[in-house]
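In: what follows is a predicted protein model with its sequence.
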Amino acid sequence: MKNTKLSYLAIIVFHALLALIIFVIPFFSKMYALLIVVIGVIVIIRNKNRNNEVLFVSAYLVGAEVFLRMTGGNFNNEYAKFCVVGFMFLGMIYSNFSKSALIYLFFFMLLIPSILITANYQNIAIDVKKVLFFNLSGSVCLAICSIYAFGRKITLDNLQKLLLVMGFPIISTTVYLFLYTPNIQDVVMGTQSNFETSGGFGPNQVSTILGLGMFIFFTQMILFSKTKIELLINGGLLIFVSYRGIVTFSRGGIITGVVMIICLLCLLYYFSNAKGRSKFTLVFVLTIALGIGIWMYSSFQTRGLIEKRYANKDAVGREKKDRLGGREQIMDADIALFLDNPIFGVGAGLSKEKRADQLGVAIASHNEVTRLFSEHGLMGIFALLIIGVTPFVLYIENKQHLYFLSFYFFWLLTINHAAMRTAAPAFIYALSLLFVQVKIPEETEN
């Protein structure tokens, strides 16, 4: 037990030091990105994926993606997505996949008509290959990850270890944010999303991964902390990650993290017996108290501006006209494009250019749902129905998957505020398709 605690603490310290090294020597970020993939491939091949090493290696890269992006480690924006896809293919070579998972191949086939529209689009100002590469990478990643994970068996303990592997590079991300902006009060002047508190990178993506980190360390704290020391470590990490997530001033990722935690608590309460429910009452109260404490400290550090941000007010307390940071206009434009091109849409990746005619400026969509409608038409709606309904069909026979709702809502909420710019929503969605088994003590198995 002592060795386990020491190794857990050592890994945490290692990732904190990693952030410091990359902060001082930025070039090391590219070496880190390369090492993740090289070591990951070696681990998978050496073990022939006997223990789902593919999922663990992918989880680590997904957790590290935003850190790599903000520190210049990504070789391109789609680096993590296509590395994860490569891992999944390697895993399927060793471990095969369920034939029923081919429904996700059908999902991707529904997107082909709009791909053909874009491939035949005549405009010398647009690099068609780049447009398709950028806009389809998320869908490709989701389809391949889902095919691999569909119905694949894993114990709850191993699923939590997988989440913890994803959480370690999130610690590096958070430490880097502290090094980049040690004093929040110096840089918070308004209620808009803050690049200074987000490591100079997109607050939306940073808050998304930190919101996921909130859930990871919350589950580790309440379900897998076997000693008081572990409880303190995991509680400290939860506070650490939550605070830095809140002060990015990007609401989407934090709200998503809170929803994930609520979903977990609801399922735990629902499946608990009377004795378990009485214990969870205390957990609920402590969770609320911890949340209030983190919020109050964040409010103090931002001089109350964070409260105005979540109340949709500007720095002087005036109500903002839009509630989604101007995204309502983009969503309305997407819907208008769908109504004009209802069958096959305007073409994969072309909605940005088409919206320029309506809004006077080419703005990328943050909403994957309305983008699917505008670019893929009815085919996009059918595709969305497939990926939206399939996890619930599997869950009917998979009630031991305690994280199912949390994973599903992470995907759903994230694609509505951050599209699929990172690999996280695709990978976490795939985890909702796993067949999770809670280990039964040997003496009660029969």
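Out: Received it, and whenever you're ready, just let me know what you need.

In: name the SS class of V436, please.
Out: Reducing the assignment at V436 to three states with DSSP: H, G, I helix; E, B strand; the rest coil gives strand.

In: before we move on, what's the pLDDT of it?
Out: pLDDT recorded at V436 is 94.

In: cool, and R371?
Out: We have a pLDDT of 89 for R371.

In: where's it, which helix or strand?
Out: According to DSSP states H and E, R371 maps onto helix 368-395.

In: give the buried residues for that helix.
Out: Neighbour-count burial for helix 368-395 flags 368-381, 383-384, 387, 390-391, 394 (criterion: 16 or more other C-beta atoms under 10 Å). Heads up, the C-betas are built off the backbone N, CA and C, glycines and all.

In: with stretch 228-236 instead?
Out: Buried, per 16+ other C-beta under 10 Å, within stretch 228-236: 230, 233-235.

In: CSV for those residues, including secondary structure and pLDDT?
Out: What follows is those, written out as CSV (DSSP: H, G, I helix; E, B strand; the rest coil; pLDDT from 0 to 100):
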residue, secondary structure, pLDDT
E230, helix, 92
I233, helix, 95
N234, helix, 95
G235, helix, 95
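
In: just send those residues back as a markdown table, with distance to A274 too.
Out: Putting those into a markdown table (distance: C-beta to C-beta, whole Å) gives the following:
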| residue | distance to A274 |
| --- | --- |
| E230 | 27 |
| I233 | 31 |
| N234 | 27 |
| G235 | 27 |
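
In: from those, pick the one nearest T208.
Out: The closest of those to T208 turns out to be N234 (C-beta to C-beta; 21.0 Å).

In: for K308, give its distance to R371.
Out: Distance of K308 to R371, given as C-beta to C-beta, to the nearest Å: 30 Å.

In: which helices and strands sit right next to the helix or strand where L177 lies?
Out: According to DSSP H and E, L177 maps onto helix 156-180. Using 3 or more C-beta pairs under 8 Å, 6 or more residues apart in numbering; DSSP states H and E, the elements in contact with helix 156-180 are helix 2-24, helix 53-70, helix 203-223, helix 228-246, strand 435-437.

In: A336: which of these is closest?
Out: helix 203-223 (24.0 Å).

In: okay, the angle between the closest one and helix 228-246?
Out: Helix 203-223 and helix 228-246 meet at an angle of 160 degrees, taking axes from the mean of the first three to the mean of the last three C-alpha atoms, to 10 degrees as the criterion.

In: now the angle between helix 2-24 and helix 203-223, please.
Out: Going by the same axes, to 10 degrees, helix 203-223 makes 170 degrees with helix 2-24.

In: buried ones in helix 203-223?
Out: 203-222.

In: now stretch 115-122
Out: 115, 117-118, 121.

In: same check on stretch 164-184?
Out: Of all the residues in stretch 164-184, those buried under the rule 16+ other C-beta under 10 Å are 164-178, 180-181, 184.
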